[in-house]
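Engineer: here's my sequence, what's the structure:
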Amino acid sequence: MEEVVFFHRRSATLILADLIENFELNKVSQRLYWLLKLGGIADPDGKISLDLRMTFLGKREQARSCLKRILQWNPEK
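Structural biologist: So this is what the prediction gives:
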């Protein structure tokens, strides 16, 4: 999984997006119901699914490095 960060230099605007899944359980089949609950992506407390969160394990230093680079851009908005 790759995150995308947009920075518009002239306006010093930083745009970040995150994938949040928030399925309404009363609108899915019983088969999906439990998968959505286990994945942590059920309404009202949806978030990034467990399988995607697992892809970030062991990458804390890489995340810190990316954050440091983004902060060096000095975004104003």
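Engineer: listing request: residues of this structure with sub-threshold pLDDT.
Structural biologist: Along the chain, segments meeting pLDDT under 70 span 1-2.
Engineer: hmm, try it at 80
Structural biologist: 1-3, 18-19 (pLDDT under 80).
Engineer: what is the distance between the helix ranked longest in it and the centre of its chain?
Structural biologist: Using DSSP state H, we find that the single longest helix of the chain is helix 60-72. Offset of helix 60-72 from its chain centre (C-alpha atoms, centre = their mean, to the nearest Å): 16 Å.
Engineer: helix or strand for the spatially most central residue of the chain, which one?
Structural biologist: Note on the chain: the residue nearest the mean C-alpha position is residue 18, at 3.6 Å, using C-alpha atoms, centre = their mean. Following DSSP states H and E, there is no helix or strand that holds residue 18.
Engineer: so who does it touch?
Structural biologist: Counting by C-beta atoms under 8 Å, 6 or more residues apart in numbering, residue 18 makes contact with residue 48. Where C-beta positions appear, they are placed from N, C-alpha and C, glycine not excepted.
Engineer: could you do the one 10 residues further on as well?
Structural biologist: Residue 28 is in contact with residue 36, counting by C-beta under 8 Å, 6+ apart.
Engineer: for it, give its distance to residue 21.
Structural biologist: 12 Å (C-beta to C-beta, to the nearest Å).
Engineer: one more: residue 40?
Structural biologist: Residue 40 is 9 Å from residue 21, by C-beta to C-beta.
Engineer: hey, what's in contact with both of the two?
Structural biologist: Common neighbours of residue 40 and residue 21 (C-beta under 8 Å, 6+ apart) are 46, 47, 49.
Engineer: isn't the last one right up against residue 41?
Structural biologist: Yes: in this structure residue 49 lies within contact range of residue 41 using C-beta atoms under 8 Å: 4.9 Å.
Engineer: what's around residue 23, how many residues?
Structural biologist: Residue 23 is flanked by 17 other residues according to other C-beta atoms under 10 Å.
Engineer: excluding its backbone neighbours, what's nearest it?
Structural biologist: residue 36 (4.9 Å; C-beta to C-beta, 6 or more residues apart in numbering).
Engineer: nice, that's everything, thank you.
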